[in-house]
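>>> Fold the following and give me the result.
(chains A and B, ligands or ions: 2)
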Amino acid sequence: MDIATVLETKDLCKSYYLGNDAIQVLFDVNLCVRKGDFSAIMGPSGSGKSTLLNILGCLDTPTSGEYLLNGLPVKTLSQSRLADIRNREIGFVFQNFNLLPKLDVFSNVELPLIYGNVSKKERHALVEESLKSLGLWERRHHRPNEISGGQKQRAAIARALVKKPCIILADEPTGNLDSVTTHEILELFKELNARGNTILVITHESEVAGTTNKVFHIRDGRLYHD
Amino acid sequence: MTDVRARLVNLFFVNGQLCLIEVFSNKLRSFISSFGIFLGVASLLILLSFMHALRKNVTDSIVAMGGLDIITITKLAPETNAEALAFRRSPGLKLTQAEALQREIPEITMVLPEASSGHAELSVPGKEARANPVAVSLPYSDVFNYQIGSGRAFVQDDFDQAAKVCVIGSRIQERLFPGVPNPVGKSLLFNGMSFKVVGLIYTEDRWDWRSRTMLYPYPTYERYVGGQDNVLGSIKIKVKTISRLAQTKAEMTSRLISMHRGVEDFDVVLNEDKIKEMEDTQRALNILIVVIAVLSLFIGGISIMNIMFATIGDRVREIGLRKALGAHKSDLFVQFLIESVLLCFVGAMPGMVFGSIPTFLPTELLPMTPTLAAADYLLSIGFTIFVGIGAGVFPAWKAANMRPIEALQYA
Ligand SMILES: Nc1ncnc2c1ncn2[C@@H]1O[C@H](COP(=O)(O)OP(=O)(O)O)[C@@H](O)[C@H]1O
Ligand SMILES: [Mg+2]
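Residues are numbered from 1 along each chain as shown, chains lettered A, B, ... in the order given. Ligands and ions are numbered 1, 2, ... in the order given. Here you go, the predicted structure:
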């Protein structure tokens, strides 16, 4: 494994348990993302995309198999270390934005920095940098319900970027957006990738997958390389 | 080091700010759910303020009782026909008996006869006042800590001449001589006779029972008020050695019984016993207050706990999101704990204002003067924090331990 590998899975399996029944959702997934990649995992609804992404984002644990993040075997880490990793190494972007409705754009973007114990002065500088690079600085005092869907997703991306994570994980980031805005967000991802960010998008739309440099297909919990 | 500091600042201060937003964006809901705390804190402060007033009354009357070295002999009223018959054999309580006791028992240093006429009407032309006239002995004001506000206390001359002079409390003065703050030299009618006011009794507030008292010399009572047999209501006796109170009391009792021809138609009471009795009442009141406060705050705490569980149920996704963004268990635990405490304060703050109202009421409206000290407010703040933490621990623990994925997937 070379230094440029950000994340890597080996024979990753995931089953959900409902009572005594085990439902296997992921089968022997082998995935590798390198620094600077802009990849997509594409598959129909229910194929296990979100399940995989949640494991990659250290929100969930695999039933078997290995997951290495920056070379670290994730299953050996404590809950507290996992929280640190989610905070520092991973930037999440969700389909439904997941902005806190009572906080303005600035405070929403600031949250990961608060959990990362960044001082107030530094927080301000980093939020400003992140919001300006996404053209949202003027909107910083707006609440989520006062801005458009595209702006919401840009705010969520600003939040994902603010701690300069080693990878951005986006779960159907354009699923709730119209086609014009979808295009805008995809262009934004492209630009962010060009600036050196590693991005992994999951989607069921081929248009989204088409924007990326590398596409994996997932069907019934099995990952197929292009 | 700076890391630890930043961690603590963010953990408590920044999380606290987030909670403030949360609590104040639901003002009505927050207030309704903390209404129990409002009532708890308000009633705690009201009870405390009245307790202080009562305590002051008790302290005042202990001072007015003249200290531990006083023994009081009081006349008993017969309770049955047989008793009434027996009591008739006794000559009754007389000053001469007390003077005899003083001669026979060296422990007794002073005999203070006292004749109270119960409630009586005092009047000046066109005005009347109900009062407690008490005939007292000369050293009375020294022993019982009466203070004369204006005018003078009694002097030997008043006693030698059985003069019709009196000192009166402020409420009598207000009634009989309105607009005359210093009625020294004026006259009033008592028992059909004209008494000259020579002084005013000083009292801190008008609820002090001494403000309704009229004092006049004991010899005046003997000559003009008491009738031929001169039976006394009570005699106060001052003794030398407090540690020998019990023996002195026993000795006095047995001698008095023989003076009364074997009839025990009197009661001998130590000030010590009276003080103890008052302190017992105080203690019972204290316990009552603690019980009421704890109960109401407990009930208030339960409604806070209830609303905190509901809040957490409503905000499962938020909890998941925060975890996805890197929140530790401690972040969420502290966040919801602070939120619970803040919620309690939403009720406690107006509760403190409301509970302070009795201390601002004009003194005419209440039979005592309630007061509150800084310590009482600190106590209610402490209680509030305690209840907030107690009510928030379980919900906060539940939130902190949610699995991030389950919280995020929650529909
Ligand atoms: N928490 C869960 N418990 C049980 N089954 C689940 C759970 N989450 C997802 N699944 C199931 O796993 C499968 C994959 O789901 P998901 O990863 O969300 O797919 P996708 O994101 O590709 O639509 C689906 O059949 C779904 O019903
Ligand atoms: Mg999905």
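
>>> State the pLDDT value of the closest residue in space to residue A:32 that isn't next to it in sequence.
Distances taken as Cβ to Cβ, 6 or more residues apart in numbering or on different chains place residue A:8 nearest to residue A:32, at 4.8 Å, with adjacent residues excluded. C-betas here are computed from N, CA, C, even on glycine. If you check residue A:8, the pLDDT there is 95.

>>> surely residue A:8 meets residue A:70?
No - using Cβ atoms under 8 Å, residue A:8 makes no contact with residue A:70, being 9.6 Å away.

>>> Neighbour count: these two, which is higher?
Using other Cβ atoms under 10 Å in any protein chain shown, the more surrounded residue of residue A:8 and residue A:70 is residue A:8, with 18 against 15.

>>> Pull the contacting residues for the more buried one.
With Cβ atoms under 8 Å, 6 or more residues apart in numbering or on different chains as the criterion, the residues that contact residue A:8 are A:1, A:31, A:32, A:33, A:66, A:67, A:68.

>>> Just the element for it, please.
strand A:5-18 (DSSP states H and E).

>>> Which positions in that strand come out as buried?
Within strand A:5-18, the residues scored as buried using 16 or more other Cβ atoms under 10 Å in any protein chain shown are A:5, A:6, A:7, A:8, A:9, A:12, A:13, A:14, A:15.

>>> what's the spacing between the third one and ligand 1?
Meaning residue A:7. Distance of residue A:7 to ligand 1, given as Cβ to the nearest ligand atom, to the nearest Å: 18 Å.

>>> what do you get for the first one?
When Cβ to the nearest ligand atom is applied, the distance between residue A:5 and ligand 1 equals 24 Å.

>>> Can you list the neighbours in contact with stretch A:179-187?
Stretch A:179-187 is contacted by residues A:148, A:149, A:150, A:153, A:154, A:157, A:173, A:174, A:177, A:207, A:208, A:211 when judged by Cβ under 8 Å, 6+ apart.

>>> Give me the nearest residue to the first one, chain neighbours excluded.
Same thing as residue A:148. Residue nearest to residue A:148 in three dimensions, not counting chain neighbours: residue A:181, with 7.5 Å by Cβ to Cβ, 6+ apart.

>>> Just to be sure, the one you found is in a helix?
Yes - according to DSSP: H, G, I helix; E, B strand; the rest coil, the state of residue A:181 is that of a helix.

>>> Please give the number of neighbouring residues around it.
18.

>>> Then residue B:178?
Residues lying near residue B:178 (other Cβ under 10 Å) number 10.

>>> pull the CA atoms of the helix-or-strand element of chain A with minimal mean pLDDT into PDB?
Lowest by mean pLDDT, DSSP states H and E among the helices and strands of chain A is helix A:206-211, with a mean of 88. Extracted in PDB, the C-alpha atoms of helix A:206-211 (Å, rounded to 0.1, in the frame of the first residue of the first chain):
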ATOM      1  CA  SER A 206     -25.400   8.400 -14.800                       C
ATOM      2  CA  GLU A 207     -25.000  12.100 -15.400                       C
ATOM      3  CA  VAL A 208     -23.400  12.500 -12.100                       C
ATOM      4  CA  ALA A 209     -21.200   9.500 -12.500                       C
ATOM      5  CA  GLY A 210     -20.200  10.800 -16.000                       C
ATOM      6  CA  THR A 211     -18.600  13.900 -14.400                       C
END
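
>>> How about the contacts made by the nearest residue to residue B:108 once chain neighbours are set aside?
Excluding its sequence neighbours, the residue lying closest to residue B:108 (Cβ to Cβ, 6+ apart) is residue B:102, at 4.6 Å. Neighbour list for residue B:102: B:108, B:109, B:110, B:111, B:237 [criterion: Cβ under 8 Å, 6+ apart].

>>> Among the contacts of residue A:8, which pair sits farthest apart?
Spatially, the most separated pair among the contacts of residue A:8 is A:33 and A:66, at 14.5 Å (Cβ to Cβ).

>>> before we move on, what SS does the residue nearest the centre of chain B have?
Closest to where the C-alpha atoms of chain B average out (Cα atoms, centre = their mean) is residue B:54, at 0.9 Å. Assigned by three-state DSSP, the conformation of residue B:54 is helix.

>>> thinking it is in contact with residue B:370, fair?
No - assessed by Cβ under 8 Å, residue B:54 is found out of contact with residue B:370, at 9.3 Å.

>>> Residue B:308 against residue B:392, yeah?
Yes - in this structure, residue B:308 is within contact of residue B:392 by Cβ under 8 Å, at 5.7 Å.

>>> Now the common contact residues for those two.
Jointly contacting residue B:308 and residue B:392 under the rule Cβ under 8 Å, 6+ apart are B:336, B:339, B:340.

>>> Compare residue A:33 and residue A:66 and say which is more crowded by neighbours.
residue A:33 (24 against 14).

>>> so what's the more buried one up against?
By Cβ under 8 Å, 6+ apart, residue A:33 lies in contact with A:5, A:6, A:7, A:8, A:39, A:167, A:198, A:200.

>>> Could you list the domains of chain A?
A:1-89+A:168-226, A:96-164 (automatic domain parsing).

>>> re earlier: most neighbours among the contacts of residue B:102, which one?
Ranked by neighbour count (other Cβ under 10 Å), those have residue B:237 at the top, with 24 neighbours.

>>> Helix, strand, or coil at residue 223?
This is for chain A. At residue A:223 the chain is in strand, as set by three-state DSSP.

>>> That was the other one, I meant chain B.
On the three-state scheme (three-state DSSP), residue B:223 is labelled helix.

>>> circling back: only C-alpha atoms, please: export the helix or strand encompassing the residue nearest to residue B:108 in CSV.
Using DSSP H and E, the element containing residue B:102 is helix B:95-104. This file holds the C-alpha atoms of helix B:95-104, laid out as CSV (Å, rounded to 0.1, in the frame of the first residue of the first chain):
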residue,chain,number,x,y,z
LEU,B,95,-46.7,40.0,95.3
THR,B,96,-46.1,39.4,99.0
GLN,B,97,-45.5,35.7,98.3
ALA,B,98,-42.9,36.5,95.7
GLU,B,99,-41.2,38.9,98.1
ALA,B,100,-41.2,36.1,100.7
LEU,B,101,-39.6,33.8,98.2
GLN,B,102,-36.9,36.3,97.5
ARG,B,103,-36.1,36.5,101.2
GLU,B,104,-36.0,32.7,101.7
